[in-house]
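> could you work out the structure for the sequence below:
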Amino acid sequence: MIKITINGLELLVKKNLSVLEACKYIGINIPRFCYHETLSVAGNCRMCLVEIGNTPKPVASCALPVLNNMKIFVDTPLVKKARENVLESLLLNHPLDCPICDQGGECDLQDQTKIFGGDSSRFFFNKRSVEDKYCGPLIKTIMTRCIHCTRCVRYSSEIAGVDFFGTLNRGGSTEIGGYTSKNFNSEISGNVIDLCPVGALTSKPYVFKARPWELRTTESIDTTDSTGSNIYINFKESEIVRINPKINFEINDNIISDKARFSYDSNKLQRIKKLYSKKSGIITQLNWEELINTLEQNLKSNLLTTVLINSELDVESVNLLKQLSFQYNLRLKSLTNSIINSNLYLPTDSSKINDIKSASNLCFILSSNIRLESAVLNSKLRLKFSNSDIKLFGLNLIYNSNFPINFINLSIYEFILFLEGKSNLLSKLLIKAENPIFFIGESLYKRGFNYNSVLSTIKKVTHKAIILNIRAYSNSEGLSYLNITPISKKDLILSNNIIALNLENTFLISKLFLTFTTKNVYWLNSHGSKLALGANFIIPIASEFEDENLFLNLEQRLQKSFKVLNPIGNSRSLKGLFNLLIKATKKIGGFSFLNEKLEMLDSTKLFSFNKNIFINSFTYNKVIHENSRLITLYPIKSNLEDFYQSNKLSKQSILMSKSSKEFRSNSTNFFN
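Below you'll find the predicted structure:
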């Protein structure tokens, strides 16, 4: 700790802080444009000028470290005049289009001009204009408004890992732009919209939609992947107009993926609004009373009913289905949950994502393209690579990463030797590391590996390892915890009724539907598809934005998404339908799989660590190994190829379809 004086007040602050940070920690707000907490220091806007004792000129506080016995003055007449002059120079070429600017009401330049600016300008020449740049279908640019703070340049280079933006020309001709006119090819490109302090970079889908004071805000979580990033949903009347990140330093900091930010338009596209039934090829409308009576009679007939569950279905709905399975002859099966295990524990330390910052300088990425499967974790890993000497090994097929990775394509036999600590190539590094990081993709378990076996084997080699399973969907961990096993052909053959919950229109489901021709099929979904036309009953349910849901993210953290809008048409909450079916029979109760205090969202109190879950010896499914040569001959690869078309919500989004088309048009067969 060192002693400094700010405006005559003596304080003790930590070393290695800048003057701006020292002032911020004691509650003194110094205006700035170029400085941002997550970016490197540029010191080029000169708005954060302060006066230091015994110095003839004001200095930039963001680039000046504190020294012992330093005297700092932040509101002297010299400082105020300097800030006024800086704002006057920034407004020389800035257009006066605040009434039509989408940043109006949230603009840092507006706010600081009102507080620190003057009431007149000495400039009377014509303003300079700059050509707008193309950044893709998500980001709109009006570069005449740019004040050259270089936040977007540093963000694209340091965090996104794509050198898209740069500074062109010199002096009065300086401008920010891309070196070539192409798409900003990054999975987290939309965050430059939040970083831009003016209206130079704004959201294309949000153009002329609303003003900030017209919006209502609800906190929620991202359900497009298993990370569970915290978000703010802004909506006007009955329409979602934008989604912004909510700062959570334990999960996503202040970054969200483009899927989380822009896929909200799917909430009003291809929606099922009414109930339908089909008999002899004739489709007729139903009401909820008729449907519940029909569904109850079919369930009470004691015929086997298979419920196909998508891994995006929330924890509470699956829990209610568990209770229904004790009252009726139900079998719950998953189409997307690939990990076959039981008694999955929830650890007491739900902060694995936050542990990435303090982990050792060794990381293994197993069968995962982490850039596509979890863009937020990839940005954290890139920041750790930028700030430390970390060694990264990718044990799968090579992919286009935005930071250097040593790719080693191991066979299955070599992979097992590595997990057992017998590989001469990697085991020495693994044994010496104190707390290495393991990112394990879901495709590994589709090759016959069991989650508990992989976990226990890694813990035997190094018990302090940080292991993160990159799951494909928002509630994959929840289905594993509730022991929902994958579907098999035998389940479909023996079933009389099929209830399809929240399913996507995929090739696997299309193939399964060919076996449903003699079955009684109920299609419960918020969105329509071609497969829905093959069902006997089409039932609309509330979407992710129209109901409160609970999810377990990839680090087994229990989080809650809140209701934003009312359901569209005749769609209703899925949990409400299940509760009606539970109350419709005298067998009320069953076994509760969740604690009654689930709403507290405190997983450390609800669940305890079970040491007996670790398996004593490494197990590999030899049956799969012997019956299929594909296991050994084909290399381990990622489960996801297209970032923008990864789940039901993003597949229904027009914005994500445009982004996917743009990405594929710019992709090549070779890596840069």
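> quick one: end-to-end distance for stretch 384-391.
End-to-end distance for stretch 384-391, by Cα to Cα, to the nearest Å: 10 Å.
> mind checking the end-to-end distance for stretch 530-542?
End-to-end distance for stretch 530-542, by Cα to Cα: 19 Å.
> what residues does that stretch touch?
Outside stretch 530-542, the residues within contact range by Cβ atoms under 8 Å, 6 or more residues apart in numbering are 271-279, 286, 291, 294-295, 500, 502-503, 505, 509-510, 513, 516, 520-526, 528, 567-574, 577. In this view, the C-beta of every residue, glycine as well, is placed from N, C-alpha and C.
> are any of these buried, and which?
271-272, 275-277, 286, 291, 294-295, 500, 502-503, 505, 509, 513, 516, 520-526, 528, 567-568, 570-574, 577 (16 or more other Cβ atoms under 10 Å).
> out of those, which sit inside strands?
L275, Y276, S277, L286, A500, N520, V521, Y522, W523, L524, N525 (DSSP state E).
> and which of those is nearest T462?
For these, the closest approach to T462 (Cβ to Cβ) belongs to A500, at 42.9 Å.
> in contact with that closest one, which residues?
A500 neighbours (Cβ under 8 Å, 6+ apart): L308, I509, V521, Y522, W523, L524, N525, L531, A535.
> JSON lines for those residues, including distance to F208 and pLDDT?
What follows is the contacts of A500, written out as JSON lines (distance: Cβ to Cβ, whole Å; pLDDT from 0 to 100):
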{"residue": "L308", "distance to F208": "42", "pLDDT": "90"}
{"residue": "I509", "distance to F208": "39", "pLDDT": "77"}
{"residue": "V521", "distance to F208": "44", "pLDDT": "87"}
{"residue": "Y522", "distance to F208": "42", "pLDDT": "90"}
{"residue": "W523", "distance to F208": "37", "pLDDT": "91"}
{"residue": "L524", "distance to F208": "37", "pLDDT": "92"}
{"residue": "N525", "distance to F208": "32", "pLDDT": "92"}
{"residue": "L531", "distance to F208": "37", "pLDDT": "82"}
{"residue": "A535", "distance to F208": "40", "pLDDT": "86"}
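> looking at these, spot the one nearest V241.
Distance to V241 across these (Cβ to Cβ) is lowest for N525, with 24.6 Å.
> ok, the residue nearest to the closest one when sequence neighbours are not counted to L17 distance?
Leaving aside its sequence neighbours, N525 sits nearest to N502 (Cβ to Cβ, 6 or more residues apart in numbering; 5.8 Å). Here the criterion is Cβ to Cβ, to the nearest Å. By it, N502 lies 49 Å from L17.
> secondary structure element for the closest residue to F116 other than its chain neighbours?
Of all residues not flanking F116 in the chain, R83 sits nearest, at 4.5 Å (Cβ to Cβ, 6+ apart). Assigned by DSSP states H and E, R83 belongs to helix 77-90.
> and that helix, what does it pack against?
strand 49-52, helix 108-116 (3 or more Cβ pairs under 8 Å, 6 or more residues apart in numbering; DSSP states H and E).
> for that helix, what does the pLDDT average out to?
In this model, helix 77-90 has an average pLDDT of 93.
> which residues touch stretch 69-85?
For stretch 69-85, the surrounding residues in contact (Cβ under 8 Å, 6+ apart) are 2-7, 19, 22-23, 28, 30-31, 46-47, 49-54, 58, 61, 116-118.
> just stretch 457-464 next, same as before
So stretch 457-464 is contacted by 419-421, 427, 430-431, 433-436, 438, 465, 467, 614, 618 (Cβ under 8 Å, 6+ apart).
> likewise stretch 652-665?
Applying Cβ under 8 Å, 6+ apart, the contact partners of stretch 652-665 are 136-138, 183, 185, 205, 258-259, 262-266, 269-270, 527, 642-645, 650.
> any buried residues in that stretch, and which?
Within stretch 652-665, the residues scored as buried using 16+ other Cβ under 10 Å are Q652, S653, L655, M656, S657, K658, S659, S660, E662, F663.
> of these, which is the nearest to E316?
Taking Cβ to Cβ as the measure, E316 sits nearest to Q652 out of these, at 23.3 Å.
> distance of the closest one from T224?
Distance of Q652 to T224, given as Cβ to Cβ: 12 Å.
> where does this structure have its least confident helix or strand?
helix 603-606 (a mean of 32; mean pLDDT, DSSP states H and E).
> which residues touch the closest residue to E555 other than its chain neighbours?
Ranked by Cβ to Cβ, 6+ apart and with sequence neighbours excluded, the top spatial neighbour of E555 is K352, at 4.2 Å. Contacts for K352 (Cβ under 8 Å, 6+ apart) come out as I466, I467, L468, E555.
> take those residues and lay them out in TSV including neighbour count.
As requested, the contacts of K352 are exported to TSV (neighbours: other Cβ atoms under 10 Å):
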residue	neighbour count
I466	20
I467	18
L468	21
E555	26
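> for these, which one is nearest Y445?
I467 (13.2 Å).
> confirm the closest one sits in a strand?
Yes: the assignment for I467 by DSSP: H, G, I helix; E, B strand; the rest coil puts it in a strand.
> tell me what it is bridged to.
When bridges are called by DSSP bridges, I467 pairs up with F438.
> per-residue pLDDT, it?
For I467, the pLDDT comes out at 87.
> can we start the residue count at 26 from this point?
Taking 26 as the first residue, the last one we looked at is I492.
> ok, it - contacts?
With Cβ under 8 Å, 6+ apart, I492 has these contacts: K377, F463, I465, L480, I483.
> what's the burial count for the last one?
Using other Cβ atoms under 10 Å, I483 is surrounded by 23 other residues.
> contacting residues around I661?
I661 is in contact with L391, S392, L420, N421, L422, N434, L435, I437, F440, S468, L469, R472, counting by Cβ under 8 Å, 6+ apart.
> of those, grab the buried ones for ChimeraX.
The buried residues among the contacts of I661 can be selected in ChimeraX (16+ other Cβ under 10 Å) with this line:
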select :391,392,420,421,435,437,440,468,469,472
